[in-house]
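1. how would this look folded up:
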Amino acid sequence: MKKDTHPAYHEINVVMTDGTTFKTRSTYGEPGATLQLDIDTKSHPAWTGGQMQIMQRGQVDKFNKKFASFRRKKA
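-> Prediction:
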């Protein structure tokens, strides 16, 4: 096996959106670095059951507008 082909694997600190922290091993940064999360399982709508993002709704509206002429007319 070749030497120095894999990145350094070390322990870092992870800070969740609510301020809780935990340690994990990663190739991110230097040993002891802190990774501040913007989105995690405590704040993301996929896990919390929150509403869809405005941007996602905008994509649906954009699609509907683009293909409005293909809609079937009600009898």
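2. Residue 48 contacts residue 42, doesn't it?
-> Yes - contact criterion Cβ atoms under 8 Å: residue 48 and residue 42 qualify, at 7.4 Å. Bear in mind the C-beta positions are built from the backbone N, C-alpha and C, glycine included.
3. Stretch 60-72: how far from the chain's middle?
-> In terms of Cα atoms, centre = their mean, to the nearest Å, the centre of stretch 60-72 is found 28 Å from the chain centre.
4. worst-scoring helix or strand of the protein, pLDDT-wise?
-> When each helix and strand of the chain is scored by mean pLDDT, DSSP states H and E, helix 45-48 comes last, with a mean of 70.
5. Now the residue nearest to residue 17 when sequence neighbours are not counted: which helix or strand?
-> Closest residue to residue 17 apart from its sequence neighbours, by Cβ to Cβ, 6 or more residues apart in numbering: residue 43 at 4.5 Å. Using DSSP states H and E, residue 43 sits within no helix or strand.
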